[in-house]
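Engineer: Structure of the sequence below:
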Amino acid sequence: MSRFDTQLRLLMERVPWRALGRWWIVGLSFTGGGLVVLYLLRDVLHMPLMAATTAGGEVTLLLRFLINDRWVFGNCRPTWIRLWQFHAAGAGGGIVWWIVANVLPRFGVNYLIAAIAGTACSVIVSMATNFLWVWGRHQSEPAEVAVAAESVDAAKDL
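Structural biologist: The predicted model follows:
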């Protein structure tokens, strides 16, 4: 077995699969829930699209933080620091999502389809910031999260 194969195997063993799986469950659930919120704000309450995407994004961001903090990363109670970090990290992904969700309809794409496309574009930013910064090893968090950050360090050595 080559050095690369050995390091890749070690890296794969250190990935926090349970946290990743839960993170994806939360994310996919909120994709559907966010579409419902967006539909209600836009079509039921007749809010302008930019206001509806902003308000809907903020509501789902706060709820996602609470679920991720407790269920995905195993913290007993949320902290203001993690909330601030999650909000700041979410801003990067949120900006990507918001731009896509508001630009694609100008080209004739349905706003709900545009919101899904925006979600797909923002996933990588969100995953990286969640696992490496908000709930990364510099926090006093469960060991599984520290393993995620160490996995990235090990991957750099490949």
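Engineer: What is the subsequent helix or strand relative to the strand or helix carrying Leu62?
Structural biologist: Per DSSP states H and E: Leu62 is located in helix 49-67. Going down the chain from helix 49-67, the next helix or strand is helix 80-103, by DSSP H and E.
Engineer: Any stretches of this protein with poor pLDDT?
Structural biologist: Low-confidence segments of the chain, defined by pLDDT under 70: 137-158.
Engineer: before we move on, the earlier item: can you pull the buried residues of the helix holding Leu62?
Structural biologist: Buried residues in helix 49-67, counted by 16 or more other C-beta atoms under 10 Å: Leu49, Ala52, Thr53, Thr54, Gly56, Gly57, Thr60, Leu61, Leu63, Arg64, Phe65, Ile67. C-betas here are computed from N, CA, C, even on glycine.
Engineer: Give me the residues contacting that helix.
Structural biologist: 26-27, 30, 33-34, 37-38, 41-42, 45, 47, 78, 82-83, 86-87, 90, 94, 97-98, 101-102, 105, 111, 115 (C-beta atoms under 8 Å, 6 or more residues apart in numbering).
Engineer: Filter those residues down to the buried ones.
Structural biologist: Taking 16+ other C-beta under 10 Å as the criterion, what is buried in the contacts of helix 49-67 is 26-27, 30, 34, 37-38, 41-42, 47, 82-83, 86, 90, 94, 97-98, 101-102, 105, 111, 115.
Engineer: Next one: the one residue sitting closest to the centre of the chain from Ser2, what distance?
Structural biologist: Per C-alpha atoms, centre = their mean, the C-alpha nearest to the average position across the chain is that of Ser126, at 3.7 Å. As judged by C-beta to C-beta, to the nearest Å, Ser126 and Ser2 stand 33 Å apart.
Engineer: picking up where we left off before, might one say that the residue nearest to the centre of the chain is in contact with Ala91?
Structural biologist: No: Ser126 is beyond contact range of Ala91, at 10.6 Å (criterion: C-beta atoms under 8 Å).
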